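S.K.: sequence first, predicted model second:
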Amino acid sequence: MMTLFGYWRSSASYRVRIALALKGIDVNHVTVNLRDGLQKDAEHLLRNPQGFVPVLVIEDGTQLTQSMAILDYLDRKFPNPALLPEDPIFRSKLLAASLVIATDIHPIQNLSVLKYIRAEHGQDDGGVKNWAQHWISNGFTALEKTAQQYETPFLMTEVPSLFECCLIPQVYNARRFDVDMDQFPKLSAIDAACQEHSSFIAALPEHQADAP
Ligand SMILES: N[C@@H](CCC(=O)N[C@@H](CS)C(=O)NCC(=O)O)C(=O)O
């Protein structure tokens, strides 16, 4: 069986949990407690020199890092249901929307960046919160415009895709930082549709064994 090294409130781990649940794959879950800084322990750095979760260790012991690369592995190895369509244009559009979150929003508001602006740039709780709200709202404003172009329950599709694997954890994060999601009605509607879906319910942070 594969093992996912993650953390209940890590949004990159949450992405992988959603994909595993959508594909009906069982894995062992091992927590790397980010609050205690265990992601920077020597043991975890052997799994991922970046000191991040998630890491997926597959059956032969190979350690896979970077959630988007893990999702790509899962989609190739377990193609049904697919996270991305075959049609090149449709695929590119869904991937682009997913990358707005994975490469443009999430990296500048993750734990290590927030710790850095607090420690090195004198930001207090308010400053850190403003920073996170700004970058999340900035990316969501663009995604909302894209989402408004489609009538489908999920972005461009009738079933959840890679995009929802990225969006739902980012919405969870947005709520933690008190981003007003009423500004983003279509993204909120997609989030609401996912919250009814058993795979998304199973992947919820609060439903993980390591949640307090
Ligand atoms: N691009 C990476 C980001 C991973 C990442 O930022 N993980 C966070 C949790 S969501 C983490 O481990 N943070 C620990 C830290 O910043 O020290 C991915 O998608 O896997």
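M.R.: Looks like it came in fine. Numbers count the residues shown, from 1 in each chain.
S.K.: which parts of this protein sit against the ligand?
M.R.: Proximity of the chain to the ligand is confined to 10-12, 34, 39, 51-54, 66-68, 110-112 under the rule Cβ under 6 Å from any ligand atom. C-beta: built from backbone N, CA, C; applies to glycine.
S.K.: least confident secondary structure element in the chain?
M.R.: helix 111-120 (a mean of 92; mean pLDDT, DSSP states H and E).
S.K.: go through the host helix or strand of I168 and flag the buried ones.
M.R.: Using DSSP states H and E, I168 sits in helix 162-176. For helix 162-176, the neighbour count (16 or more other Cβ atoms under 10 Å) marks 162-174 as buried.
S.K.: also stretch 58-67?
M.R.: Result for stretch 58-67 [16+ other Cβ under 10 Å]: buried residues I58, L64, T65, Q66, S67.
S.K.: out of the residues you listed, which are inside strands?
M.R.: Using DSSP state E, the members of the buried residues of stretch 58-67 that fall within strands are L64, T65.
S.K.: could the buried residues of stretch 58-67 be laid out in CSV, adding pLDDT?
M.R.: As requested, the buried residues of stretch 58-67 are exported to CSV (pLDDT from 0 to 100):
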residue, pLDDT
I58, 98
L64, 98
T65, 98
Q66, 98
S67, 98
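S.K.: what's the spacing between stretch 182-193 and its chain's center?
M.R.: 17 Å (Cα atoms, centre = their mean, to the nearest Å).
S.K.: with stretch 98-116 instead?
M.R.: 10 Å.
S.K.: A132: what's it in contact with?
M.R.: Q109, L114, N173, F177, V179 (Cβ atoms under 8 Å, 6 or more residues apart in numbering).
S.K.: one step back: now for the helix holding I168, which elements pack on it?
M.R.: helix 11-23, helix 67-77, helix 88-99, helix 125-147, helix 185-195, helix 198-203 (3 or more Cβ pairs under 8 Å, 6 or more residues apart in numbering; DSSP states H and E).
S.K.: pick the most buried one from the ones you listed.
M.R.: Of those, the one with the most neighbours on average (mean count of other Cβ atoms under 10 Å) is helix 11-23, at a mean of 25.
S.K.: pull out the buried positions in the helix or strand following that one.
M.R.: Scanning forward in sequence from helix 11-23 by DSSP H and E, the next helix or strand is strand 28-31. By neighbour count with 16+ other Cβ under 10 Å, strand 28-31 contains the buried residues H29, T31.
S.K.: quick one: strands adjacent to strand 28-31?
M.R.: Strand 28-31 sits in its sheet next to strand 3-6 (parallel), going by DSSP bridges.
S.K.: chain center to the strand it pairs with: distance?
M.R.: Distance, centroid of strand 3-6 to centroid of chain: 14 Å (Cα atoms, centre = their mean).
S.K.: contact partners of it?
M.R.: 13, 16-17, 20, 27-32, 44, 47, 53-57.
S.K.: show me this structure divided up by domain.
M.R.: 3-81, 88-199 (automatic domain parsing).
S.K.: start to end distance for the first one?
M.R.: Which is domain 3-81. 21 Å (Cα to Cα, to the nearest Å).
S.K.: so how far is the ligand from M156?
M.R.: Relative to the ligand, M156 is positioned 22 Å away (Cβ to the nearest ligand atom, to the nearest Å).
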